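In: Structure, please.
(one chain, ligands or ions: 1)
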Amino acid sequence: MTTQARPKLEQPLSESLFARARQVTPGGVNSPVRAFASVGGHPHFIAHSEGAYLTNADGQRLLDYIGSWGPMILGHNHPAVREAVAEALQGGTSFGAPNEREVLLAEKVVELTREQGVERVRFVNSGTEATMSALRLARGVTGRKYIVKFRGNYHGHADGLLVEAGSGLLTTARGELGEAAPSSAGVPPEYAALTLVSEYNDPAALDRLMQERGQEIAAVIFEPVVGNSGVLIPTAEFLAALHRVREHGTLLIADEVMTGFRLSLQGASGRLGLQPDLITWGKIIGGGLPVGAYGGRAEIMEVVSPSGPVYQAGTLSGNPLAMAAGLATLTELQAHPEIYAGLERYTAALADGLRAAAQEAGVPLTVNQIGSMLTAFHQAAPQGGISSYQQAARSDTQAFAGWFRAMLDQGVYWAPSQFESIFVSAAHGDAELNLTLDAARRAYAEL
Ligand SMILES: *Cc1c(COP(=O)(O)O)cnc(C)c1O
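Out: Purely as a prediction, here's the structure:
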């Protein structure tokens, strides 16, 4: 057999794949942030993943800090997850009838989050479905129609939640407190009007809104640690105000799609001592396959069909391959609790290293970090740090874009937006930390 040299490419394969993708898919991507619109250049098409690294279609290895936007906490292509999915595959891909793995994963989730009040879990196929379903349930339980969310928090792309929704949408019109401004075309103002908006980390504003309209509000949904305006950490006073909404008969929904099983085995709720009425999950709960879930006390959850009158269904919900990946991931995390300490150590060292490197180069930088989540905002720290969407939005996105490109040129794949968290995995070790900080020093020096 002769080995033939691959014909020389006129342009990188990622670039030509992106050109082809744009001919058949809007913007060439199936989720907007992947398009690199805010940082320039073209997205890398990924052919393979292993541990902390991705290999792109051109054969370049990239040190990955996106982790598929959160799910890959164990690192890519983890053997335990791969083998669990391969084993499940032997039995077929979908049944449209119950299977044992759904029970096992639900039992695991309940076991891990019982102290946060979770007694029942319903599986869906994405984080968007989870939050959408949890809100329908809250409206069904309370008989009220309004919901409250916080400016810059993202809860998926359901109509009523695309209001002041952060992340990929962080350039939207600003409404007054409590007034809804849709952050997407195609959302009727009548839908958006049912979503009231308050400020994150502003307990007085939330108290005021609840005093004025509490009797009409079915639920308050929030990111217990924000990842979708960049990382924002809640104050104790704000968490206390969140719990006070229950005095109005309003349900408190912790959207843990990003933070669940990441900030601790009990999620952000466990780490911060929260007692929400409902919790939503996604990302890690599917171990890299499409899974979302929502759960809470039995008295609330049993209002969901077929037990109760709130309808919610899914052809592929509880899919055996997806359940296998989620179960393998949670089982591995539970068997190795030291993973969380390692993630904390790595990410804190990364935060310190970035601060030092930026300072050395005279680049204004404020790093927010908790557990394995981190955002390096390109701005000098305001008094009290960055704790709200408005403060995050003052970052120098041009400087970030330049730094991002310099990192990527050195093979470090950071999240391609100033307003995202990065995600460290258990596969990131000393070699990766050193590689990252060496690259960061050069990238700050070039700014
Ligand atoms: C990612 C995310 C969602 C949406 O999940 P999808 O699986 O992308 O639909 C919802 N809420 C939060 C907090 C998220 O980070």
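In: Skip the chain neighbours and tell me the closest residue to residue 332.
Out: residue 80 (5.0 Å; CB to CB, 6 or more residues apart in numbering). Quick note: C-beta positions are derived from backbone N, CA and C, even for glycine.
In: right, and that neighbour touches residue 330 too?
Out: No: in this structure residue 80 lies outside contact range of residue 330 using CB atoms under 8 Å: 10.7 Å.
In: In terms of neighbours, single out the busier of those two.
Out: residue 330 (22 against 16; other CB atoms under 10 Å).
In: Where does the more buried one sit, in terms of helix or strand?
Out: Applying DSSP states H and E as the criterion places residue 330 in helix 320-335.
In: For the chain, which residue gets nearest to the ligand?
Out: Closest contact between the chain and the ligand, by CB to the nearest ligand atom, is at residue 127 (2.2 Å).
In: Do you know the pLDDT at that residue?
Out: Per-residue confidence at residue 127 stands at 98 (pLDDT).
In: Tell me who's in contact with it.
Out: Shown in contact with residue 127 (CB atoms under 8 Å, 6 or more residues apart in numbering): 155, 156, 255, 257, 258, 280, 281, 282, 283, 292.
In: Quick check: the first one is in a strand.
Out: No: secondary structure of residue 155 (DSSP: H, G, I helix; E, B strand; the rest coil): coil, not part of a strand.
In: Just confirm it contacts residue 161, I think it does.
Out: Yes: contact between residue 155 and residue 161 holds when scored by CB under 8 Å: they sit 4.5 Å apart.
In: any residues in contact with both of the two?
Out: In contact with both residue 155 and residue 161: 131, 149, 221, using CB under 8 Å, 6+ apart.
In: which parts of the helix or strand containing residue 205 are buried?
Out: Counting by DSSP H and E, the element that carries residue 205 is helix 203-213. Buried residues in helix 203-213, counted by 16 or more other CB atoms under 10 Å: 203, 205, 206, 207, 209, 210, 213.
In: okay, the worst-scoring helix or strand of the chain on mean pLDDT in PDB with CA atoms only?
Out: Least confident helix or strand of the chain, by mean pLDDT, DSSP states H and E, is helix 189-192 with a mean of 89. The C-alpha coordinates for helix 189-192 follow below in PDB (Å, rounded to 0.1, in the frame of the first residue of the first chain):
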ATOM      1  CA  PRO A 189     -44.200  42.200  22.900                       C
ATOM      2  CA  GLU A 190     -47.200  40.600  24.500                       C
ATOM      3  CA  TYR A 191     -45.100  37.500  25.400                       C
ATOM      4  CA  ALA A 192     -42.200  39.700  26.600                       C
END
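In: So which other helices or strands are in contact with it?
Out: With contacts taken as 3 or more CB pairs under 8 Å, 6 or more residues apart in numbering; DSSP states H and E, helix 189-192 sits against no other helix or strand.
In: Quick one: name whatever helix or strand follows that helix.
Out: Toward the C-terminus, helix 189-192 is succeeded by strand 195-198 as the next helix or strand (DSSP H and E).
In: didn't residue 201 look like it was pressed against residue 232?
Out: Yes: Residue 201 is within contact range of residue 232, at 7.0 Å (criterion: CB under 8 Å).
In: where do the contact lists of these two overlap?
Out: Residues touching both residue 201 and residue 232 (CB under 8 Å, 6+ apart): 387, 388.
In: Comparing the two, which shows the higher neighbour count?
Out: Legend: neighbour count by other CB under 10 Å for residue 201 and residue 232, higher for residue 232 (27 against 21).
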